[in-house]
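A.B. asks: need a structure here:
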Amino acid sequence: MTQVHTRQVEVVGGYAFDVDVRADSGWQGTGIFVSPGEVLHISYLSGLWVGRIGDPFHGPEGPTYDAYPGGKNYPLPGVVEDCLVGRINQSVFYVGRQLRMPIREAGVLELTINDIGHYDNRGQITMRVVVTR
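C.D. replies: You can find the predicted model right below:
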């Protein structure tokens, strides 16, 4: 697992980080520890990425042209390829452009592009991660 670049920012009622997620890496640890009773908010700030050379760049929602669901070996099978997905321990979930999710188990947030071959991926996106109680 790769460690991503994370910058802490101030928010009222919780803590927040701006996280850069690279398309050319697998699971990337954010260093953000979450606990039951907290609520995880993730939202898109900037950047574009692509899962195949020659395809148009897009945001964390995945391609809006010619989109396919990820196969059985993808981080999140059945969900559009090249979108942003997250993981806490073994629980994998769709993030896309925005997510609000109550935390049910303690763990470190990891993020990745929903893809199995990262050698031909390009770009990065920046997401704001806010954790509130």
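
A.B. asks: CA only for contacts and neighbour counts going forward, please
C.D. replies: Will do.

A.B. asks: in stretch 55-63, what's buried?
C.D. replies: 57, 58, 59, 60, 61, 62, 63 (16 or more other C-alpha atoms under 10 Å).

A.B. asks: now these in a markdown table, please, with extra columns for secondary structure.
C.D. replies: Shown next, in a markdown table, are the buried residues of stretch 55-63 (DSSP: H, G, I helix; E, B strand; the rest coil):
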| residue | secondary structure |
| --- | --- |
| 57 | coil |
| 58 | strand |
| 59 | coil |
| 60 | coil |
| 61 | coil |
| 62 | coil |
| 63 | coil |
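
A.B. asks: now for those residues: which two are most distant?
C.D. replies: Largest separation among those by C-alpha to C-alpha: 57 and 61, giving 11.3 Å.

A.B. asks: wait, what's in contact with the nearest residue to residue 53 once chain neighbours are set aside?
C.D. replies: Among residues not flanking residue 53 along the chain, residue 120 sits closest, at 5.9 Å (C-alpha to C-alpha, 6 or more residues apart in numbering). Contact analysis of residue 120 by C-alpha atoms under 8 Å, 6 or more residues apart in numbering lists 24, 51, 52, 53.

A.B. asks: which ones are touching the second one?
C.D. replies: Going back to what we said before, that points to residue 51. 23, 82, 115, 118, 120, 121, 122.

A.B. asks: nice, that's everything, thank you.
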